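Visitor: Below: sequence and its predicted model.
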Amino acid sequence: MTSMFIWYELLTQDVDAKAGFYASLFGWQVSDSGQVGMDYRILTHGGVAVGGLMVLPPGAAQSGMRPSWLGYVSVTSVGESLANILAAGGAECMPAMEVPGVGRFALIADPQGALLYAMTPIGRGPATSFAPGRPGFGGWHELHAKDRASALAFYRQQFGWDAVPAVDGGGMGTYVQFNYGAGPMVGGMMNDAAAPRPYWLYFFNVESLDAACQRLVAGGGEVLMDPYQAPSADWFVRARDPQGARFALLAPGR
């Protein structure tokens, strides 16, 4: 199995408020997952699954975790992957668990502290969450690290991801792009000394950047930077939702 991002999940304090905010921003539909004993909601666009939404677990909130987007990366065996991650200096932040009919997963931190899930999904067929260029779906993954070189080495070892030629990110410094070991670029890694701790930032596609920024602000969100044109010619902004969860908007034009 090629390890790749297959799902996005928002952990937040008020799921009802966030459902409305993101429905207005991306046109997502929100429905109950049907999981017994858990208020887990599925985010879809045009009937196709994009991600999930749930309240921050009490333990996570008490340990200082704030509302945030997390990504799921597919692995052949969660147990084997977890052992390899721990041996490479990563950490287990939540014991592996299994959701019937969905798969087995564990929350991990890379050696620099960036969080993500490792998951062995049930079922066949390609994941639908990541669809570059398709409005309402994931379009890019960006790691804000303390040391991008060692981060890339870790993810290459664990998931088989590999770098493509680095680009000059202007004010952002050198920007290392990566793919899943072959094929097109799917994300980038950069040093971010200003971040309190390393983190993954998830980009979602929109048709028009300026129009999406207007919806974002109208819904109580915040634009964290001026619109920026990437080397690919796409435009993006980094943003924050009303409860502080960071994400980014990506569009083919202003």
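Guide: Cool, the structure landed.

Visitor: tell me which helix or strand of this structure sits lowest on mean pLDDT?
Guide: Averaged element by element with mean pLDDT, DSSP states H and E, the chain has its least confident helix or strand at helix 58-62 (a mean of 69).

Visitor: Using CSV, list the CA coordinates for the helix or strand that comes right after it.
Guide: In the C-terminal direction, the helix or strand that comes right after helix 58-62 (DSSP states H and E) is strand 68-74. Output for strand 68-74, consisting of C-alpha atoms alone and laid out as CSV, is shown next (Å, rounded to 0.1, in the frame of the first residue of the first chain):
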residue,chain,number,x,y,z
SER,A,68,-7.3,21.7,14.8
TRP,A,69,-7.4,19.9,11.5
LEU,A,70,-5.7,16.5,11.5
GLY,A,71,-4.9,14.2,8.5
TYR,A,72,-5.1,10.5,8.2
VAL,A,73,-2.3,8.6,6.3
SER,A,74,-2.8,5.1,5.0
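
Visitor: just the angle between whichever helix or strand comes after strand 68-74 and strand 68-74, please?
Guide: Helices and strands here follow DSSP H and E; after strand 68-74, the next one along the chain is helix 78-87. Relative orientation of helix 78-87 and strand 68-74, computed by axes from the mean of the first three to the mean of the last three C-alpha atoms, to 10 degrees: 120 degrees.

Visitor: Residues contacting helix 78-87, please?
Guide: The set of residues that contact helix 78-87 without belonging to it, under C-beta atoms under 8 Å, 6 or more residues apart in numbering, is 75, 91-92, 96, 104-106, 108, 110, 118-120, 157-158. In this view, the C-beta of every residue, glycine as well, is placed from N, C-alpha and C.

Visitor: Tell me which of those fall in strands.
Guide: Taking DSSP state E as the definition of strands, these contribute Ala91, Glu92, Ala96, Arg104, Phe105, Ala106, Ile108, Ala118, Met119, Thr120.

Visitor: Alright, calling it a day.
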